[in-house]
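Undergrad: Got a predicted structure plus its sequence, pasted below:
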Amino acid sequence: MTVRRALLDAAGRYDEHAHRADYYHQRRADAIAAGETRLSSGERPGLVFHLVPESAFAGDTAVSIPDDVGEGGYLPVLARGEGEVTFTADGVVAHCTSYGVTGAYVRVSRNGIVEASSHAFFTGYEDDDRTRLPATTFESAFVAGVREYLAFLEVLGVRTPVRLVLSLVNVSGVDLVHSPEEGPYVRENFPGDRVEPLGVTLRSYDGDPHEERLGPLVDAVWNAAGIDGSHERRSSSRDATDDRPGREMDSTRPDA
């Protein structure tokens, strides 16, 4: 037993599901970052996140994946929409491939674990060889992907809680590009190779996960590039509040 686990056990705060889900994600993120998985695209900048149900570790969970999962964008690929669907012994994969290179995919295993990865967010500049990540594009696609895949798990009958864990890999020197409320686009680069916010546990399919749980993860990505938090989410919150007469803007972050 580690010292951390002993302390958490003593405080009644150790979460076996969270620990195992985070460890699973870390191993997969390491392999994807190193280009060691079948669907990896070499050591390129990328995003990977997992939705890991607690039931995945029970050993007797086998979800039934519909035969028509590839029809009508039923399982959309992160930031790419409908992809090519392949069934495997372990589950199903939807992926987008160009010139033999997989740029994005989502995999649903029969134990209910969802793995989504994409290199497609990261683009180059016309005037130099630097790589950039458009902040609002990333945020919108990530939030939409989480919503879609949670809905898919609910349809499959997978029970909550579900652990969400996110990593950005191979991003050292990549520019996070965003537009302030006034002025031109701003580039702020990631100084480290990985961005790994703390995971969150979603205990119900009810409500909007963006408003209730995803804020800290998104803010952590912006923070890693030296920005004070999601300008997109802050702007959305202000717009929503401005529509309600007699209410002042609440700029506090949602609970983690």
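TA: Thanks, I have the structure now.
Undergrad: which residues of the stretch 1-150 of the chain score low on pLDDT?
TA: The model of the stretch 1-150 of the chain has pLDDT under 70 over residues 1-14, 38-42, 60-61, 70-74, 79-82, 98-102, 125-128.
Undergrad: what are the ranges of the strands in it?
TA: Under the criterion DSSP state E, counting those that start in this stretch, strands of the stretch 1-150 of the chain are mapped to 46-53, 84-87, 91-98, 101-109, 114-118, 123-124, 131-134.
Undergrad: Could you tell me the angle between the third one and strand 114-118?
TA: Between strand 91-98 and strand 114-118, the angle formed by their directions is 10 degrees, by axes from the mean of the first three to the mean of the last three Cα atoms, to 10 degrees.
Undergrad: so what strands line up beside strand 91-98?
TA: Strand 91-98 sits in its sheet next to strand 84-87 (antiparallel), strand 101-109 (antiparallel), going by DSSP bridges.
Undergrad: What residues of stretch 152-164 count as buried?
TA: Under the neighbour-count criterion of 16 or more other Cβ atoms under 10 Å, stretch 152-164 has Phe152, Leu153, Leu156, Val158, Thr160, Pro161, Val162, Arg163, Leu164 buried. Where you see a C-beta, it was placed from the backbone N, CA and C, and this is true even at glycine.
Undergrad: sorry, back to before: tell me which of the strands paired with strand 91-98 sits nearest to Ser55.
TA: Taking Cβ to Cβ, strand 101-109 is the member of the strands paired with strand 91-98 nearest to Ser55, at 11.9 Å.
Undergrad: if we look at that closest one, which residues are touching it?
TA: For strand 101-109, contacts defined as Cβ atoms under 8 Å, 6 or more residues apart in numbering pick out 39-41, 56, 63, 65, 75-80, 83, 90-97, 114-120, 145, 149, 152, 156.
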